[in-house]
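S.K.: Need the 3D shape of this:
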Amino acid sequence: MAGVAIAVAVLCPEAAFAAEEHGLPGASMSLWWALPFAGLLLSIATGPLLFHHVWEHHYGKISALWAALVVVPLALAFGVPQATEAVLHALLTEYMSFIVLLFALFTISGGILVAGNIHGTPLVNAGLLLIGALLASVVGTTGASMILIRPIIRANDARPFNAHVIVFFIFLVSNIGGSLTPLGDPPLFVGFLRGVDFFWTTANLWRETLFVGGLVLAVFLTIDIILHRREAGAPKIKDPTPDSKVRIRGLPNIPLLAGVIGAILLSATWKPEVSIAIQGVTLELQNLVRDAIILVLAFVSLAVSRREYRQANGFNWGPIAEVAKLFAGIFICIVPVIAILRAGHDGALAPLVALVTSAQGTPNDLAYFWLTGALSSFLDNAPTYLVFFELAGGDPQHLMTEFASTLAAISAGAVFMGANTYIGNAPNFMVYAIARQCGVKMPGFFGYIMWSGLVLIPTFLIAGFLFFG
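M.R.: Numbering: from 1, shown residues only. Prediction:
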């Protein structure tokens, strides 16, 4: 017991056994509380690359272990009731809605099949990437990637140079295109759950998205035209999937996607001021209704979608199961980190606060853009967004109004720069794996970083100074 007491005192040196009336006392919590969060994110970043087989079979246990290293010390330091309330608040008010939406978008989009094939000329490829980028803000980057990755691979499977098409697909469809609505990318939905208006991102990020997406698409078109001309003199490759009429199957899923959007808009506008409390955590009726409707729509999709369409899409529950287990750990591990961030200059993360604050005390938008983006390149972009959202004050009303440029910088950094590596955003590695299975000679981890370094980093440098400098 003496060892436990010493450990608790180290974790919370000023008030190890006392908690504030509401929330955790972030000002008195040391950086040791952030260790499980950092450890989990590091495990996610390195596990699939350094110890793939162990990670594949035990990622859920690894996530649970890091979460336990938060829950147990919280209970010892602040008491079981305080710890339970803090953890349940994160799980019931944020994680539950977060995973319900991802599950629904994953399930419904998996029932939509783009059948047939077309020839992947530079203009056709650019058109497919543009469609995918626009679709990403409607069905999510994961949904759009699932729907279009196999059609774009088929369109280019007779070309000797085709890996660059998939690289730019990850840039535009799996990342940049998801920046216009909370449906598009997980960090934006986390912001919506924190109180950011549904259409705020559309109204405040369309210029940045148009510039970054347009410039990256223009670079792709230039490269693809050059490579396409080089292919003209090369020996012809027999097309394994000859051109055929393109058809969209699984059309009943389209109105189901519209229903998901409608449910989210309903929760944003309908405020009955009715709630229920579970262990001190208040759950509002409109959010419970929204999640229930979205779940029902997902199960309806399973009932009405034909099995062969899902099989043709390579649909399985592995990706969403991995996301569910890992994000449960992330949302628990980030609880003490958010408490420290809320303490601002009085907390252990005061140096980070100073780094994104100008000498006049105002937010440094360019620093927010690059710091959020740099961490989102190697860590998951949803918790990274949440960290900097809290660092900027965590008040959605202030962030949407007088600090709108700061919230835009955080949002753009999290979404755009998730494209910098294979591990920056969930769909990236999924697209990489599917492309390799289909015979595309994809660049390795560092080869991909070279592509992003040559294309994305210069684009982000220009965009940063243009919009946030």
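S.K.: Now do stretch 359-368, average pLDDT.
M.R.: The pLDDT scores in stretch 359-368 average 85.
S.K.: mind checking how far that stretch is from the chain centre?
M.R.: Offset of stretch 359-368 from its chain centre (CA atoms, centre = their mean, to the nearest Å): 24 Å.
S.K.: end-to-end on it?
M.R.: Using CA to CA, to the nearest Å, the end-to-end distance of stretch 359-368 comes out at 15 Å.
S.K.: tell me which residues of it are tucked away?
M.R.: Across stretch 359-368, burial judged by 16 or more other CB atoms under 10 Å covers P363, N364, D365, L366, A367, Y368. Quick note: C-beta positions are derived from backbone N, CA and C, even for glycine.
S.K.: quick one: which of those sit in helices?
M.R.: When DSSP state H defines the helices, the subset of those inside them is D365, L366, A367, Y368.
S.K.: Can you pull the poorly scored residue ranges out of the stretch 101-250 of the chain?
M.R.: Along the stretch 101-250 of the chain, the parts satisfying pLDDT under 70 run over 233-240, 243.
S.K.: Run through the strands of it in chain order.
M.R.: Counting by DSSP state E, counting those that start in this stretch, one finds strands in the stretch 101-250 of the chain at the ranges 113-117, 244-249.
S.K.: Provide a list of residues in contact with I293.
M.R.: Contacts for I293 (CB atoms under 8 Å, 6 or more residues apart in numbering) come out as G259, A263, L266.
S.K.: gap between it and G191?
M.R.: I293 sits 21 Å away from G191, taking CB to CB, to the nearest Å as the criterion.
S.K.: ditto for F299
M.R.: 27 Å.
S.K.: A158 is in contact with G439, correct?
M.R.: No: counting by CB atoms under 8 Å, G439 stays clear of A158, with 11.4 Å between them.
S.K.: neighbour count winner among the two?
M.R.: Using other CB atoms under 10 Å as the criterion, G439 and A158 rank with A158 on top: 19 against 11.
S.K.: pretty sure T282 belongs to a strand, no?
M.R.: Yes: counting by DSSP: H, G, I helix; E, B strand; the rest coil, one finds T282 located in a strand.
S.K.: From L288, how far off is the residue lying closest to it once chain neighbours are set aside?
M.R.: The shortest distance from T282 to any non-neighbouring residue, by CB to CB, 6 or more residues apart in numbering, is to S275 (5.0 Å). When distance is defined by CB to CB, S275 is 9 Å away from L288.
S.K.: quick one: which of the two has more around it?
M.R.: Counted by other CB under 10 Å, S275 and L288 do not tie: L288 has more neighbours, with 17 against 13.
S.K.: most packed of the strands of the stretch 101-250 of the chain?
M.R.: strand 113-117 (a mean of 19; mean count of other CB atoms under 10 Å).
S.K.: then that one to CSV, C-alphas only?
M.R.: This file holds the C-alpha atoms of strand 113-117, laid out as CSV (Å, rounded to 0.1, in the frame of the first residue of the first chain):
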residue,chain,number,x,y,z
LEU,A,113,-21.1,-1.4,-55.3
VAL,A,114,-19.7,0.4,-58.3
ALA,A,115,-19.7,-2.4,-60.9
GLY,A,116,-18.2,-2.4,-64.4
ASN,A,117,-15.0,-0.8,-65.6
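S.K.: Does anything pack onto that strand? Which helices or strands?
M.R.: When contacts are defined as 3 or more CB pairs under 8 Å, 6 or more residues apart in numbering; DSSP states H and E, strand 113-117 packs onto helix 122-155, strand 244-249, helix 307-312.
S.K.: TSV for those, including distance to F388?
M.R.: Below are those laid out as TSV (distance: least, CB to CB, whole Å):
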stretch	distance to F388
helix 122-155	20
strand 244-249	38
helix 307-312	37
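S.K.: Pick the most buried one from these.
M.R.: helix 122-155 (a mean of 23).
S.K.: Tell me which other helices or strands that one touches.
M.R.: By 3+ CB pairs under 8 Å, 6+ apart, helix 122-155 packs against helix 96-109, strand 113-117, helix 163-172, helix 200-232, helix 253-269, helix 426-437.
S.K.: Go ahead and measure how far it is from the middle of the chain.
M.R.: Offset of helix 122-155 from its chain centre (CA atoms, centre = their mean): 17 Å.
S.K.: change the start of the numbering to 51 and stick with it
M.R.: All right, first residue 51 from here; so that's helix 172-205.
S.K.: how far off helix 146-159 does it point, in degrees?
M.R.: Angle of helix 172-205 versus helix 146-159, following axes from the mean of the first three to the mean of the last three CA atoms, to 10 degrees, is 90 degrees.
S.K.: and the residue lying closest to F261 once chain neighbours are set aside, what element?
M.R.: Ranked by CB to CB, 6+ apart and with sequence neighbours excluded, the top spatial neighbour of F261 is A513, at 5.8 Å. Element membership of A513, judged by DSSP states H and E, is helix 495-517.
S.K.: The residue most central in space within the chain and I473: what is the separation?
M.R.: Among the residues of the chain, the one closest to the centroid is P236, at 3.7 Å (CA atoms, centre = their mean). From P236 across to I473, the span is 14 Å (CB to CB).
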